[in-house]
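# Show me how the following folds:
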Amino acid sequence: MSRGTVVIDALPERAARYVADHAVVAIDVIRATTTAVTVVALGRRCFCVPSIPEALRARRRLDEALLAGELGGRTPDGFDVGNSPTTLARRADVHRPLVLLSSSGTRLLHAVRDAESVYLACFRNAAAVARHVVVRHRRIAVIGAGSHGQFRTEDQICCAWIAAVLLEAGYEAADARTSAVVARWRGAPAAACASGASADYLRRSDQVADLDFVLTHVNDLETVFTLLADGEVVALPAEGSAATLRGKAALGA
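Numbers count the residues shown, from 1 in each chain. The predicted model follows:
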């Protein structure tokens with residue numbers, strides 16, 4: 001008997017179709033979900049936003065907030081730092097909340113924010129997320145952020161790693177595309193994305209440190225991170241329920 005279904009998809013524009021009846025795993029390996037889980041793991045609060053106006057509104061309501069991010073690969077005017085897990089991991093001012101904006105990843109998170117459970121995954125915590133969702137949800141959508149309409153290599157790899165665990169646990173692939181992505185990438189190492197377009201962009205833009213960070217931090221976090229209704233990314237307790245935590249936040253608990 002099937003434990004449920006898993007579907008792999010990509011792009012913020014396609015994500016809304018899964019909100020009503022799926023738990024969602026959102027993935028933007030290079031770099032939004034990597035940045036978000038990294039800063040939260042270090043003790044910094046992180047709020048993901050879909051646009052510059054939302055970023056400015058968040059900064060006004062948060063004390064001493066940092067604006068971080070990129071649009072089209074460029075740090076917006078007035079932002080404090082780019083969408084760089086390496087740079088943010090080195091900062092000592094973890095008491096300052098982070099407002100994070102990116103071209104695709106934070107837009108994806110915004111698009112799925114109303115799902116019952118939303119998890120953030122990247123190479124750092126793919127295994128932990130897979131173990132968590134496999135016993136909690138019957139319908140799971142694993143969605144890559146994409147870029148310029150393309151399902152990026154690094155996101156396909158991370159999606160495949162997670163979906164492969166679900167298939168092995170008795171879930172069924174929801175469509176042929178899901179089966180194909182898993183078949184191609186389930187055994188691929190993180191380094192398989194080093195020749196992809198995202199990695200090439202980081203090299204051309206002198207951001208190799210971020211590429212090295214992504215490729216050398218693989219399943220080094222056992223923590224599962226979820227998105228609250230207000231856009232904050234939080235770490236779940238070891239046996240935490242994302243749906244319960246989101247409900248408590250909505251009630252002000």
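
# okay, CA-based contacts and neighbour counts for the rest of this
Fine.

# got any ranges where the chain has weak pLDDT?
For the chain, the stretches with pLDDT under 70 are 1, 239-253.

# elements contacting whichever strand or helix holds residue 107?
Using DSSP states H and E, residue 107 sits in helix 105-111. Counting contacts by 3 or more Cα pairs under 8 Å, 6 or more residues apart in numbering; DSSP states H and E, helix 105-111 packs against helix 12-15, strand 23-27, helix 32-41, strand 46-49.

# Using PDB, write out every CA atom in that helix.
Extracted in PDB, the C-alpha atoms of helix 105-111 (Å, rounded to 0.1, in the frame of the first residue of the first chain):
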ATOM      1  CA  GLY A 105      13.900  31.500  -3.900                       C
ATOM      2  CA  THR A 106      12.100  34.000  -1.700                       C
ATOM      3  CA  ARG A 107       9.400  34.400  -4.300                       C
ATOM      4  CA  LEU A 108       8.900  30.700  -4.200                       C
ATOM      5  CA  LEU A 109       8.500  30.800  -0.400                       C
ATOM      6  CA  HIS A 110       6.000  33.600  -0.700                       C
ATOM      7  CA  ALA A 111       4.000  31.700  -3.200                       C
END
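
# Give me the nearest residue to residue 155, chain neighbours excluded.
residue 144 (5.3 Å; Cα to Cα, 6 or more residues apart in numbering).

# what residues does the helix of greatest length in the chain touch?
Using DSSP state H, we find that the single longest helix of the chain is helix 153-168. With contact meaning Cα atoms under 8 Å, 6 or more residues apart in numbering, helix 153-168 is reached by 6-8, 27-30, 121-123, 126-127, 129-131, 134, 142-146, 173, 181-183, 185-188, 190, 192-193, 196-197.

# Cheers, nothing more for now.
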